[in-house]
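Asks: just a sequence and a predicted model for now, questions to come.
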Amino acid sequence: MRVDVVSIFPDYLAALDLSLVGKARRTGLLDLRVHDLRGWATDRHRTVDDTPFGGGAGMVMRPDVWGRALDDVLPAGGAGHLVVPTPSGEVFTQRHAERLALEAHVVIACGRYEGIDARVAERARAAGHRVSELSIGDYVLNGGEVAALVMIEAFGRLLPGVVGNPHSLVEESHGAAGLLEYPVYTKPPAWEGLEVPEVLLSGHHARIERWRRDRALERTAARRPDMVAALDVAALDKADLAVLAGLGWQVSDGRLRPAEEPVAE
Ligand code: ADE
């Protein structure tokens, strides 16, 4: 897979030399190139921004500079996927990561200031590229670089061969089960008076699996009720429904819903 990142702070992306993504680059699974946007500026000061039309605070990144950059890094023939990190984008999820991991060529355009002139995305779309404006969460960063790091790590680890044991990808949070992951433990079995749950030491696979499933359901209900409400009821067994009922969730009209709260008098 080829990934190009364009930024005015290319050094921000140095972390991509580390860990599993760094190894994927060295072994050739990931051809990742970082570019300095200012290389496409044409004036003596290498200006990349200007004041917003219509007024308002802050500066906007110029379309002409970005246009030249993207003409050089997006593949010919509209075959690229342009990702623009922005707090006004769709929220980035594991589903986006899965889709991006299937692409041959992704270009990530990191904006700073108040963002990039809207015609840049419009022109890339008109040229036939896929364009995704994505937010990593409901908070505002100073620029798209940290969001680019987040997205590259999330889709990079899904590329075949990047994570050594592909089973690690199967049971994790935000996987196909739609549940958060159960709590995990390792040696020693007793530490500072805290013991590993007995069942995990039992060697009884079916009981361990049930225990993990119950903890995943409890955790998801406590931390992410939105994920419980989105569960596919047909994919749940009797034991799942009993645990959820104990946590105040009932099936009605084919969906899980929190049990009716008593109406205040
Ligand atoms: N740029 C600034 N804030 C951002 C966010 N939350 N997600 C993606 N890009 C951003």
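Replies: That came in fine, so what should we check first? The shown structure was predicted, so the numbers you read here are calculated from the model rather than taken from an experiment.
Asks: can you list phi and psi of the nearest residue to R62 once chain neighbours are set aside for me?
Replies: Counting by C-beta to C-beta, 6 or more residues apart in numbering, R62 lies nearest to D50, which is 5.6 Å off, once chain neighbours are set aside. All C-beta spots, glycine's among them, are computed from the backbone N, C-alpha and C. D50 has phi and psi values of phi -160, psi 170 when expressed as degrees, to the nearest 10.
Asks: let me see the contact set for D50.
Replies: When the contact criterion is C-beta atoms under 8 Å, 6 or more residues apart in numbering, the partners of D50 are 59-60, 62.
Asks: as CSV, those residues with secondary structure would be great.
Replies: As requested, the contacts of D50 are exported to CSV (DSSP: H, G, I helix; E, B strand; the rest coil):
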residue, secondary structure
M59, coil
V60, strand
R62, coil
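Asks: ChimeraX command to pick out the buried ones of those?
Replies: Applying 16 or more other C-beta atoms under 10 Å to those leaves a buried subset, and the ChimeraX line that selects it is:
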select :60,62
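Asks: please identify which of the contacts of D50 is nearest to V6.
Replies: V6 lies nearest to R62 out of these, by C-beta to C-beta, at 13.2 Å.
Asks: roughly how far does that closest one sit from the ligand?
Replies: When C-beta to the nearest ligand atom, to the nearest Å is the yardstick, R62 and the ligand sit 18 Å from each other.
Asks: my guess is that residue meets V48, correct?
Replies: Yes - at 6.1 Å, R62 and V48 qualify as touching, with contact defined as C-beta atoms under 8 Å.
Asks: quick one: what helix or strand has V150 in it?
Replies: Of the helices and strands defined by DSSP states H and E, V150 is found in helix 145-156.
Asks: what packs against that helix?
Replies: Applying 3 or more C-beta pairs under 8 Å, 6 or more residues apart in numbering; DSSP states H and E, one finds that helix 145-156 contacts strand 2-7, helix 19-26, strand 81-91, helix 94-100, strand 105-109, strand 130-135.
Asks: interface residues of this structure facing the ligand?
Replies: By the criterion of C-beta under 6 Å from any ligand atom, the positions of the chain lying close to the ligand are 85-87, 135-137, 139-141, 143-144, 147.
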